Every structure is written in structure tokens, then in C-alpha cells.
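Asker: pasting the sequence and the predicted coordinates here, then a few questions.
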Amino acid sequence: MMALLEVKDLQVRVEDREILHGLTLTVNQGEVHAIMGPNGSGKSTLSHVIAGKPGYEVTGGEILFKGEDLLAMAPDERAAKGVFLAFQYPVEIAGVATMNFLRTALNAQRKARGESEFSTPDFLRKVREVAKSLNIPQDMLKRGVNVGFSGGEKKRNEILQMALFEPSLCILDEMDSGLDIDALRIAADGVNALRSPERAMVVITHYQRLLNYIVPDFVHVMSRGRVVKSGDKELALALEASGYAQFEDAA
Amino acid sequence: MSNLFAAARDRLPGKGKVADTRQQAFEAFERAGLPHRRIEEWKYTDLRALMREVKGLAPRPDTTALARAKAALARLAIRDAARLVLVDGIFVPEFSDLAGLEAGVSVQALREVLEDAGSQAAADLLTVSATDAMISLNAAMATDGVVVGIADGAALARPLHIVHVATAGSASSFTRSQFTVGKGARATLVESFVAADGARAYQANDALVITVGDGAELSQVRLVADADDAINITSQILSVGAKAKLNLVNMTSGGAVSRLQGFITLAGQGSELAVNGVNLLKGTQHGDTTLVVDHAVPNCTSREVFRAVVDDRAHSVFQGRIIVRPDAQKTDGKMMTRALLLSDEAEADNKPELEIFADDVSCGHGATSGALDDDLLFYLRARGLPEKAAQALLIQAFVGEAIEAIADDGLREAVMAAAENWLEARV
């Protein structure tokens, strides 16, 4: 079976500094991978490069998504193919109503895939259903995208989009940052509800805490731009006890 | 240039005092000539360079021209309004909704009023407080317009819609209208500038004198959608009475060169003014909004919100001057202008000026210009929106802040639709 995501020997520069020095990662359908590592290890860079954020120069290696060259695609093409990045810091977009944004984005993805646009009643029903399960009040959907949302609300809005767009690969970038324990639990429940045999997830986190709620199949430790150790969920627990320092030298 | 007036003279309505006023106005224009960059008010819109000359008066529209105008009228998005139509500077009653006017509304063609009597009262229709070469030219050359009165206390259910249709090519039209809102009355005035198919390189010069009576409310919406190579110079002289409200929203998306110059006097205590403007410019378009808000009395409020979206090599100008007279204490006047530059060669000039002669006031201004936010664009693209669609959504939000002020749902949607058409043409 073809891997969903194959990152091979990826080397990435930002301006004059190399951030990733040959990173390799394979993710199959249905798997949940956690990527852990200290600040500055290149975790967020990896997520940005997969999603297609401008400003990163790939100097070596490749990324295949469903066997296709992901790096050759524009960010919107990647989204339409099924890549979803849940942002660490979702932006606020004043003047664009959340509902309008969700509908425009969903229909743009469907159009790119040659599918028909969602009808308004179907769309509304779907949004309401998901919003309810994530404890997102209706009036939040009427406001500008993320405008005036708390940290927890912004993260729930990301998960709402994830549920709506039904991507095959979800990358969660530091989903736990800025969340208290209750907000974290609601967000994690939302993510867990989306786990399926067809969908893979890459959970990027600094702390092991999140992995109590979203239990990964695999854990990778990043340090200085490479994956330095891979294992199962026990690895995360071991890290919690001993810290990242042991890997600093290995890199 | 003197030929211009001599050639048109026989076609300009009004004798006696009216003709004298025209003569004096033309002399004033001739002395000044077309405004140029060394005239401070016209610094960024040098008509000598942009316009070069004033073209001859457009011929009176014939049957063919009227048929083309009719086709243009059929394309107007705003339908639920009583229309008053001017074609190439001539009021056309058969295209106007005179039979459908509500009680308390009176409409007369300017031409009729000027021809009726060469009296001082008629001549006064050609005289305004503001001094400007293009206003003088308008007074000299105005062929027609509408003189609209709203009776005291009348509350109009439907907007009045003055539509300027150009059909002629390489010719000028000069229109002048008066709009008087009686005490405590409520009205909505829409103005559209459109071109019939094939109308090329025309020049429109319009002047509108509006008086909002004490306690009255006027909501005014302008849509400037002239032909790509047309020039539109509009002067508005507005006066707002005590405890009256004037809410003006202007959207310019057409024309090679356009200028809206507003001279607004808050003449009665407790009056409230809101002026919102949007310029959507591309190619080599030049769009100028110049406002002078004169707080002549105490306790008035003014708000100006201006948004410019400038693409390609287009040029947007916003000049806002707020004057606070010595006894206009407790004035609250603010203006904010923001320009969005979509290309490296796009240009936006913002010139806010405050002239404050009273000491107990709250006045302020702000001006920004910049590109679309890369982080917002990436977020939208990561959600599946192609580049132009992502830009369009952000641009809509940007101009939406200025359009939101339109209370009437249908009108607000029509203005938003005009913005969307402009955005779609970019994709």
C-alpha cells in the first residue's frame, strides 16, 4: 500500500539558515503520529512546509502525498487534495463572517476536485451538527473569522474546519498551546472523533500532556532539524520523565 | 478655451440675470484655467495633465442616443427607486418616474427653472459658496439637472435615484442639481453615473447642492461607474441643519479620472455627518476624493471613513480637511483613511488636514497604506481558496467596513455587488 505522506531527506532553509537538515517521515492512512521536540527543533517548520507557507526554501529532498509531488502544488491545491493544517495561532480576519468563510473554502475545495458545490441547507445542517459537538455557539459563526475568539475558541474553530473539510491528513501544530485543561479536553475530543482508518494525523507538540488525550500510534523526537528517535507512545512518557536534553547531543 | 462658452451659449438655458451669472462664472473659470498641481487643492489631480482640455458640449440626445441610454438603464442593479434620469446632461422626463413620486416630493428640471425667469432666484441656482474653477465652469455651462424638494416632515419610503447616463463620445456634459430636504424629513438619495455602450472619452461635470433641514435625515449613496476612458468631476455643496443627519457613501469603480469634491458645512448645532468612501481602481485609473468638512457651529459630529483598493498603476487620492470654527466648541470630528495597494506600482496619496480654531474639541485622523496581509492570505489559501479568491475575500472585508454604513439592505447589497463585479473582473 502506498504511504499517505512520505517526507524524504527534507532540507529547508529560511533566509540563510538551514532549519531542517534531512528529515524523513512516513505516515500511512489511519495512523496518528506525534512529533515532539524542544523549541527551535524545526517542528513548526515541517508543518508549514507541508502546508505550503511561503518563505521557506526547500533545498533538498521531497514530499510525496498520495504518491504526488506535494511541493509542486500551491497551498490551495494541497488543501483540496486533503492536507489540513490546524494552525498554532489561527489568524483573525475582520469583516469576513465565519459562515461565509467556511462555505467559500469548502466550495473552493470541492470545485478544485471537480465535485458539485454544497447546497445551502446541506451546508448549514452540517455546520450546525459539527458546531454543536464541539460546543461552538451559533453566534460565534456569525462573527468575523476568529475575531474576539478566546484561545480555546480559535482552536475549536480549527477543529470545526477539519471536521467540515474532511481532509485525509491533519497536521495539528501545537494545538495545546494557550489552552487550559477543559479547553484542551474539548479540543482533543473533537480531534478523536475525527480519527478514522482513512485519515492520518500528525500531532506536533512540545508537551506530553496533549498525548494523554490524543493517544498516538507513533512518537518521533525532533532535534536540530532531524528526527532523532522514533517509537510508540511509551517514548513520549519517557521524554516526560527525562526531558529533551539527552537528544541534543544525538543530533 | 473661450470658444467653448461661445459655441455653447445658444444652448444654455436662461436669460437676464441667469445669463449674466453664467458669463461671470465663465470669466472666473477662464482666469483660473484648468486646475493644476500648483493649486494646493488639486495637487494630486492635475487636470491640465490628466484632462488637457474641456471638450465641447455634448449634442442634445437624439432618438438613437435615447435608445442606447434606455439599454444602459435596464442594466442598473438598483430598481426599487424613483428614477430621475439625465442623458448627456439633459433631463429626460420619459425615463423618469415622475408619476410615481411620493407625496411631499417635488421635482423640476433645472432647465425649466432657468428658462422660466431670468430672475435673481433662478441665477442663485448657479451660485454656491465654494470657490473652485470646476464649479465655476459648471455654473457657466450647466445645461440641465433636477431641482428636488422634500417637504417638511415627509418620510419617503423609496429612494430617489438620479441617474446620469452618457451616450456621447468626446464631448462634455454639465449638470447641476439641487436637493432640499425639509425640516424633520427623511429621504434616501442615490446617484449613479453610467455609460451607454459605445460612449467613449466623455467628460462629466456635475454639481449638486444639498440642504438638509433641521432635524432631517438624508442617506446618500453614489455609484460612479463611468466608462474606462471617461472623466468625471463632481462637486457637492452640502449643508446640514441643527440635529440633522447626513450619511453619505461614495463608491468609485469606473472612469479614467474621477474626482468627488465635497464641501460640507455643519451649519446647525447637534448635526451628525458620516462620509464613507470606497475607491476601486485598476489599470491607469485616477480616483480622487477631496472633502472639506466645516464645523461652523458647536456640538456637531463628523466621521469620515475612506478605503482605497489600488491595483496595477492606478492612483488613489484622499484629501480630508476638517475645519473647526472659533465658536464650534465640543466638535467631535474624525477621519480614517486606509489604502490597500495590490501592486508595486499602485499609488495612494492621503492628505488629512485639521484646522482647529476652538479649544474644546475632539478631532483626529489616521492614514495607513499597505499590501494585503500575507498571514491572512496564507490562512485562506491553506483552506483551499485560490490566490485571487483569497484576495477577493480580504478586499471585500476591507471595503465592507465603509459600505456597512448603508442602512438600506437592498442598497447596501447593490453597492457590495458593484464591488464584487470589480473583484471578479480581476480574476
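Answerer: That came through fine.
Asker: check the gap between B:R83 and chain A for me.
Answerer: In this view, B:R83 and chain A are 32 Å apart by CB to the nearest CB, to the nearest Å. (Glycine included, C-beta is placed from N, CA and C.)
Asker: can you pull the pLDDT of that residue?
Answerer: Model confidence at B:R83, given as pLDDT, is 97.
Asker: before we move on, which element is it in?
Answerer: Counting by DSSP states H and E, the element that carries B:R83 is strand B:82-87.
Asker: retrieve the pLDDT associated with the nearest residue to A:L23 once chain neighbours are set aside.
Answerer: Counting by CB to CB, 6 or more residues apart in numbering or on different chains, A:L23 lies nearest to A:L10, which is 4.5 Å off, once chain neighbours are set aside. The score at A:L10 is 97. That number is its pLDDT.
Asker: test my guess that A:L10 contacts A:E18.
Answerer: No - with contact defined as CB atoms under 8 Å, A:L10 and A:E18 do not form a contacting pair (10.9 Å).
Asker: picking that back up, which secondary structure elements does the strand holding B:R83 contact?
Answerer: With contacts defined as 3 or more CB pairs under 8 Å, 6 or more residues apart in numbering or on different chains; DSSP states H and E, strand B:82-87 has these neighbours: helix B:63-74, strand B:146-150, strand B:160-166.
Asker: got phi/psi on residue 205?
Answerer: Assuming you mean chain A. Note on A:T205: backbone dihedrals following degrees, to the nearest 10 are phi -150, psi 150.
Asker: hm, I was asking about chain B
Answerer: Dihedral angles for B:N205 - degrees, to the nearest 10 - are phi -130, psi 110.
Asker: residue contacts, it?
Answerer: Neighbouring residues of B:N205 by CB atoms under 8 Å, 6 or more residues apart in numbering or on different chains: B:134, B:137-138, B:141, B:172-175, B:233-234.
Asker: just B:G100 next, same as before
Answerer: B:A82.
Asker: can you give me the helices for chain B?
Answerer: B:2-8, B:16-32, B:47-50, B:63-74, B:110-116, B:120-124, B:133-141, B:374-382, B:387-403, B:409-426 (DSSP state H).
Asker: wait, which of those helices is closest to chain A?
Answerer: Of all these, the one in closest proximity to chain A, counting by CB to the nearest CB, is helix B:387-403 (2.9 Å).
Asker: that closest one and chain A in contact?
Answerer: Yes - against chain A, helix B:387-403 shows contacts by CB under 8 Å from any CB of the partner chain at B:387, B:389-390, B:393-394, B:396-398, B:400-401.
Asker: give me the contact list for that helix.
Answerer: A:74, A:76, A:93-96, A:101, A:104, A:108, A:144, B:249, B:251, B:276-278, B:280, B:305-307, B:309, B:338, B:340, B:342, B:372-373, B:376-377, B:380-381, B:385, B:412, B:415-416, B:419-420, B:423-424, B:426-427.
Asker: so how do I select the buried members of these in ChimeraX?
Answerer: Only the buried entries of those go into this ChimeraX selection, using 16 or more other CB atoms under 10 Å in any protein chain shown:
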select /A:76,93,94,95,96,101,104,108,144 /B:249,251,276,277,278,280,305,306,307,309,338,340,342,372,376,377,380,381,385,412,415,416,419,423
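Asker: and which of the residues of helix B:387-403 next to chain A is nearest to B:Q329?
Answerer: Checking these against B:Q329 with CB to CB, the nearest one is B:E401 at 30.2 Å.
Asker: tell me who's in contact with the closest residue to B:T337 other than its chain neighbours.
Answerer: When the adjacent residues along the chain are set aside, B:T337 lies closest to B:F306, with 4.1 Å between them (CB to CB, 6+ apart). Contacts here follow CB under 8 Å, 6+ apart; on that basis B:F306 touches B:276-279, B:289, B:318, B:320, B:335-338, B:402.
Asker: closest one of those residues to B:V54?
Answerer: Nearest to B:V54 among the contacts of B:F306, with distances taken as CB to CB, is B:T289, at 21.8 Å.
Asker: can you report how many residues lie near that closest one?
Answerer: 24 (other CB atoms under 10 Å in any protein chain shown).
Asker: what sits against the closest residue to chain A within the stretch 101-250 of chain B?
Answerer: Closest to chain A within the stretch 101-250 of chain B is B:V249: 16.0 Å, counting by CB to the nearest CB. Taking CB under 8 Å, 6+ apart, we find B:V249 in contact with B:220-222, B:275-278, B:402-403, B:405-406, B:415.
Asker: one more time with 10 Å
Answerer: By CB atoms under 10 Å, 6 or more residues apart in numbering or on different chains, B:V249 lies in contact with B:190, B:219-223, B:274-278, B:305, B:402-406, B:411-412, B:415.
Asker: can you give me the pLDDT of it?
Answerer: B:V249 is assigned a predicted lDDT (pLDDT) of 96.
Asker: with adjacent residues omitted, what lies nearest to A:G152?
Answerer: Closest to A:G152 by CB to CB, 6+ apart is A:A183, at 3.2 Å.
Asker: so the one you found makes contact with A:S150?
Answerer: Yes - here A:A183 reaches A:S150: they are 7.9 Å apart, a contact under CB atoms under 10 Å.
Asker: looking at the two, which is more packed in?
Answerer: A:A183 (18 against 13).
Asker: mind listing what that one touches?
Answerer: Contacts of A:A183 (CB under 10 Å, 6+ apart): A:135, A:150-153, A:155-156, A:176.
Asker: just the element for it, please.
Answerer: helix A:181-193.
Asker: and the gap between the nearest residue to B:F91 once chain neighbours are set aside and A:G225?
Answerer: In space, and not counting its chain neighbours, B:F91 is closest to B:A109: 4.2 Å by CB to CB, 6+ apart. Distance of B:A109 to A:G225, given as CB to CB, to the nearest Å: 78 Å.
Asker: A:D182 now?
Answerer: Taking CB to CB, one finds A:D182 at 35 Å from A:G225.
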